[in-house]
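[1] Attaching a predicted model along with its sequence, questions to come.
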Amino acid sequence: QLQLVESGGGLVQAGESLRITCAATGRTLGTYTVGWFRQAPGKEREFVAAFRWVDDMERYAESVKGRFTISGDMGRNILYLQMNSLKPEDTAVYYCNAVPLNSEPEVWGQGTLVTVSS
């Protein structure tokens, strides 16, 4: 069974960069559509970015396009989110998500907090 553990969150200033990591165990991420979502205080969880190895699909929310990059290391079974030019409105708990290419349930990590100060 797939398990996801995020890390790398922290406190940064506006304009700085941060990379967060999602380490997967149990199954290979290559058989999933993987992505990042975030939830700011008092708001609903929202889509940030998605990636899929089998067809090189890569998508971003408009709010992060050009600033964030999703990537993965299939050999290490790790997903990354490189976040540049961070803004205070990027402050949120960031969650890793994996949706199987078959009909099995999706999997979520526990989240990592990113705080951007102005």
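    Nice, I can see it. Numbering: from 1, shown residues only.
[2] Tell me where the protein has strands.
    Taking DSSP state E to define them, one finds strands in the chain at 3-7, 10-13, 18-25, 32-39, 46-52, 57-60, 68-73, 78-83, 92-100, 107-108, 112-117.
[3] Would you mind giving the ones you listed as TSV with mean pLDDT and mean neighbour count added?
    Quick note: C-beta positions are derived from backbone N, CA and C, even for glycine. Compiled in TSV, the strands of the chain are given as follows (pLDDT from 0 to 100; neighbours: other CB atoms under 10 Å):
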stretch	mean pLDDT	mean neighbour count
strand 3-7	98	16
strand 10-13	98	13
strand 18-25	98	18
strand 32-39	97	22
strand 46-52	97	19
strand 57-60	96	14
strand 68-73	96	16
strand 78-83	98	21
strand 92-100	97	20
strand 107-108	96	16
strand 112-117	98	17
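[4] Just give the nearest non-adjacent residue to the residue most central in space within the chain, would you?
    Geometric centre of the chain, nearest residue: Trp36, 2.7 Å, by CA atoms, centre = their mean. Nearest residue to Trp36 in three dimensions, chain neighbours excluded: Val48, at 4.3 Å (CB to CB, 6 or more residues apart in numbering).
[5] who's in contact with the one you found?
    Val48 sits next to 35-38, 60-61, 64, 68, 81, 94 when contact means CB atoms under 8 Å, 6 or more residues apart in numbering.
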